[in-house]
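**Student:** Everything below, folded, please.
(2 chains)
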Number of protein chains: 2
Amino acid sequence: MSVLIAGSVAIDEIETPETSHKNLLGGSASYASLAAAFYGPANLVAIVGEDFPQEYFDLFKAKGVDLSGVEIKPGGKTFRWSGKYLDDMNTRETLDVQLNVLTEFRPNLSEAYRKARIALLANMGPAEQLAVLDQLDAPLLTIADSMDLWINIAREDLLKLLARIDLFVINDSEAKLFMETGNLITAGHKLLALGPKYVVIKKGEHGALLFGKDGQFFTSGAFPLHGVHDPTGAGDTFAGAMAGFLNSLGAGEISFRDLGRAVVHGSVIASFNCEGFSISRLKELTKADIDARFEELRGYTAF
Amino acid sequence: MSVLIAGSVAIDEIETPETSHKNLLGGSASYASLAAAFYGPANLVAIVGEDFPQEYFDLFKAKGVDLSGVEIKPGGKTFRWSGKYLDDMNTRETLDVQLNVLTEFRPNLSEAYRKARIALLANMGPAEQLAVLDQLDAPLLTIADSMDLWINIAREDLLKLLARIDLFVINDSEAKLFMETGNLITAGHKLLALGPKYVVIKKGEHGALLFGKDGQFFTSGAFPLHGVHDPTGAGDTFAGAMAGFLNSLGAGEISFRDLGRAVVHGSVIASFNCEGFSISRLKELTKADIDARFEELRGYTAF
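**Tutor:** Residues are numbered from 1 along each chain as shown, chains lettered A, B, ... in the order given. Below is the predicted model of the structure:
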């Protein structure tokens, strides 16, 4: 069974203190599906314009991402995002956003895609995430990621989504913003109370927290990095790796321990992603690299 | 063999958004020795004035802290510190400091104290820390803690200290300030390059990092707390628990794994300390509580 990844596919322009590039592959579902595909075939649900570069279609295919769910809008232009990272690499400024075909995205899943066992609703508008969720037959686990934009402008839809998904993934500052608390443990519990069975709070260099019902809890350290070349997509690869890893476990119940291991896989792939500009590190990465770093992180945390 | 804890003993006045109290037991060595004493007898090296309350002498003794190394300065007044925590409990304002007898502190260790196997030079001026270090016979492991004040006003002495101790403990913001980097992994490696065999960076709610030579690394998550009643002394209890735990291992080499477990004990005691005002939580705590939370944290981090 394949994992389903729905979200945005974009053309990015990124500036860091070190470098800047145009016409980069971007978007939440691009990063997430490339990450998920390390663990097995991934089905991508997204929309692009006619301007979408063939080289990126070829890359997706080469990496095991199925593109039959990607709509190419005739005459349309692909979603474009342009951003700049400031000196500390923790502060991002959005310079320009052109939604283009994203405004016409009405996800329509094929029969095969509807049977997804694990579905990741990568970061996009919660209305589109709900539209994908409505079409799933009987998923074992549904995961949704979000961001400050939707907390601010689409809170009602986001709350509807939270009531229906199994696992909500969000970063630390957004969790605090959304739950109006400075304490991440409190934020995690408040998010659980909104519906999801599980909540993951991503903390970047500080790792991640996983919350479950009845006091289930897991805390993961981040892989130690001396610096970050480009954090773009780190959160998306985190969620994508979780989805791909969980799908690779096969049929049967997903335990809290499985979810903890998925969080560590998320941390590991996100750490690789930060080591290179755009998707450069993901392109050359192998499953063996991932498994080796997973074991390395186990050695760094066991006591 | 006992563990030696040298540092400040103070009378604190603390204000938090919830409450405020005067005449509290404070000081780095008070917190550190009470934490260390959960693991076995602790020898305290400090100075107080004639005004030091008998109830605190009694408390130390009841908890297994040996006071033969505490100098009571005739006619002197005990070091006093007064501080206020702001709404988020992460920002502390010092309202008043009266060094009093601390300015006359010339540590003079007894024969028995000089034989310490593990010595913690808790937070105080690096000149006084060096004076204690000079008197130790052949310690298995020396640990020093410090703070921003000494980084700013006594950097030269602090660098001398770093070149001579085995383990340096510091918090995250101070590590960044001292090593002039925004990256904690880089800060840890730069601190190692200054001499100590090991470096611990305490990250509060995000746990702690332990660095050793040749790429040795350990990352520990913090015990999940919904809030912090009073963080005063958390860092001191962290270092004290490390020292006490390591001493309790008995003779023989200390492995990197032992140090990792010491860091987890530090995290555990610091988390208890934050749950109550001043030393209130430490007073009622038992070794069984500590061991239970240690195992709980193992369950929260194993994968």
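
**Student:** ok, A:F303 - contacts?
**Tutor:** B:F218, B:S220, B:R257, B:G260, B:R261, B:V263, B:V264, B:R298, B:T301 (C-beta atoms under 8 Å, 6 or more residues apart in numbering or on different chains). (Each C-beta comes from the backbone N, C-alpha and C, glycine too.)

**Student:** make that A:D148, sorry
**Tutor:** Counted by C-beta under 8 Å, 6+ apart, A:D148 has contacts A:S173, A:E174, A:L177.

**Student:** Under a three-state scheme, what state does the second one occupy?
**Tutor:** Spelled out, that is A:E174. When classified by DSSP: H, G, I helix; E, B strand; the rest coil, A:E174 comes out as helix.

**Student:** Contacts only, for it.
**Tutor:** A:E174 sits next to A:S146, A:M147, A:D148, A:I151 when contact means C-beta under 8 Å, 6+ apart.

**Student:** Would you format these as a markdown table with pLDDT, distance to B:K197 and secondary structure included?
**Tutor:** Formatted as a markdown table, the contacts of A:E174 follow (pLDDT from 0 to 100; distance: C-beta to C-beta, whole Å; DSSP: H, G, I helix; E, B strand; the rest coil):
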| residue | pLDDT | distance to B:K197 | secondary structure |
| --- | --- | --- | --- |
| A:S146 | 95 | 44 | coil |
| A:M147 | 93 | 43 | coil |
| A:D148 | 92 | 43 | helix |
| A:I151 | 94 | 46 | helix |
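
**Student:** Grab the two from the residues you listed that are most spread out in space.
**Tutor:** Maximum pairwise distance among the contacts of A:E174 (C-beta to C-beta): 8.4 Å, between A:S146 and A:D148.

**Student:** of all the contacts of A:D148, which comes closest to chain B?
**Tutor:** Checking these against chain B with C-beta to the nearest C-beta, the nearest one is A:S173 at 13.7 Å.

**Student:** Take the contacts of A:D148 and lay them out in a markdown table including pLDDT.
**Tutor:** A markdown table is the format used below for these (pLDDT from 0 to 100):
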| residue | pLDDT |
| --- | --- |
| A:S173 | 94 |
| A:E174 | 95 |
| A:L177 | 95 |
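
**Student:** ok so, going back, compare the contacts of A:F303 and tell me which has the most neighbours.
**Tutor:** B:S220 (28 neighbours; other C-beta atoms under 10 Å in any protein chain shown).

**Student:** Name whatever forms a beta bridge with that one.
**Tutor:** B:A208 (DSSP bridges).

**Student:** Tally up the residues packed near the residue in the stretch 1-150 of chain A that chain B sits nearest to, please.
**Tutor:** At 5.2 Å from chain B, A:D88 is the closest residue in the stretch 1-150 of chain A, using C-beta to the nearest C-beta. Using other C-beta under 10 Å, A:D88 has 10 neighbouring residues.

**Student:** again, but for A:A270
**Tutor:** Counted with other C-beta under 10 Å, A:A270 comes out at 26.

**Student:** distance of it from chain B?
**Tutor:** 15 Å (C-beta to the nearest C-beta, to the nearest Å).

**Student:** thinking again about what came up before, now, the most widely separated pair of the contacts of A:F303?
**Tutor:** B:R257 and B:T301 (14.4 Å).

**Student:** Can you show me the helices along chain A?
**Tutor:** A:28-36, A:54-62, A:111-114, A:126-134, A:148-153, A:155-162, A:172-179, A:184-192, A:234-248, A:256-275, A:280-284, A:287-301 (DSSP state H).

**Student:** what's the most buried one of the ones you listed?
**Tutor:** Counting by mean count of other C-beta atoms under 10 Å in any protein chain shown, helix A:28-36 has the highest mean neighbour count of the helices of chain A, with a mean of 33.

**Student:** which secondary structure elements does that one contact?
**Tutor:** strand A:3-6, strand A:42-49, helix A:54-62, helix A:234-248, helix A:256-275, helix A:280-284 (3 or more C-beta pairs under 8 Å, 6 or more residues apart in numbering or on different chains; DSSP states H and E).

**Student:** how does it look with 6 Å?
**Tutor:** Contact partners of helix A:28-36 among helices and strands, from 3 or more C-beta pairs under 6 Å, 6 or more residues apart in numbering or on different chains; DSSP states H and E: strand A:3-6, strand A:42-49, helix A:234-248.

**Student:** Each with direction, which strands does the second one pair with?
**Tutor:** What that stands for is strand A:42-49. strand A:3-6 (parallel), strand A:65-66 (parallel), strand A:70-73 (parallel).

**Student:** Spell out which residues of the stretch 151-300 of chain A are next to chain B.
**Tutor:** By C-beta under 6 Å from any C-beta of the partner chain, the part of the stretch 151-300 of chain A that sits against chain B consists of A:182-183, A:185-186, A:206, A:217-219, A:221, A:224, A:226-227, A:260-261, A:264, A:300.

**Student:** quick check, nearest of these to A:A112?
**Tutor:** For those, the nearest to A:A112 is A:R261 (27.6 Å; C-beta to C-beta).

**Student:** Show the contacting residues for the closest one.
**Tutor:** With contact taken as C-beta atoms under 6 Å, 6 or more residues apart in numbering or on different chains, A:R261 is in contact with B:F303.

**Student:** do that again at 7 Å, thanks
**Tutor:** A:F245, B:F303 (C-beta atoms under 7 Å, 6 or more residues apart in numbering or on different chains).

**Student:** and what of A:V48?
**Tutor:** A:V48 neighbours (C-beta under 7 Å, 6+ apart): A:V9, A:V70, A:I72, A:T78, A:V101.

**Student:** and with 6 Å instead?
**Tutor:** A:V9, A:I72, A:T78.

**Student:** can you pull the pLDDT of A:L120?
**Tutor:** For A:L120, the pLDDT comes out at 98.

**Student:** Same list as before, the contacts of A:F303 that is, but in TSV and with pLDDT included.
**Tutor:** Output for the contacts of A:F303, formatted as TSV (pLDDT from 0 to 100):
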residue	pLDDT
B:F218	98
B:S220	96
B:R257	97
B:G260	98
B:R261	98
B:V263	98
B:V264	98
B:R298	97
B:T301	97
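
**Student:** Where does pLDDT dip in chain A?
**Tutor:** Applying pLDDT under 70 to chain A flags no residue at all.

**Student:** which non-adjacent residue is nearest the spatially most central residue of it?
**Tutor:** What sits nearest the mean C-alpha location of chain A, by C-alpha atoms, centre = their mean, is A:D236, with 2.6 Å. Distances taken as C-beta to C-beta, 6 or more residues apart in numbering or on different chains place A:Y31 nearest to A:D236, at 3.6 Å, with adjacent residues excluded.

**Student:** ok, that neighbour - contacts?
**Tutor:** Here A:Y31 is in contact with A:G233, A:D236, A:T237 (C-beta under 6 Å, 6+ apart).

**Student:** so what's A:E295 up against?
**Tutor:** Counting by C-beta under 6 Å, 6+ apart, A:E295 makes contact with nothing.

**Student:** again with A:I47
**Tutor:** A:E71, A:V101, A:F105 are the contacts of A:I47 under C-beta under 6 Å, 6+ apart.

**Student:** Redo those as a markdown table? Include neighbour count and distance to A:L191.
**Tutor:** Formatted as a markdown table, the contacts of A:I47 follow (neighbours: other C-beta atoms under 10 Å in any protein chain shown; distance: C-beta to C-beta, whole Å):
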| residue | neighbour count | distance to A:L191 |
| --- | --- | --- |
| A:E71 | 17 | 32 |
| A:V101 | 23 | 31 |
| A:F105 | 24 | 26 |
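
**Student:** ok, now which ones touch A:M179?
**Tutor:** Contacts of A:M179 by C-beta under 6 Å, 6+ apart are A:A187, A:K190.

**Student:** ok, 10 Å please
**Tutor:** Residues in contact with A:M179, defined by C-beta atoms under 10 Å, 6 or more residues apart in numbering or on different chains, are A:I151, A:I170, A:T186, A:A187, A:G188, A:H189, A:K190, A:L191, A:A193, A:L194, A:I201.

**Student:** with those in mind, which one is nearest to chain B?
**Tutor:** A:T186 (5.2 Å).
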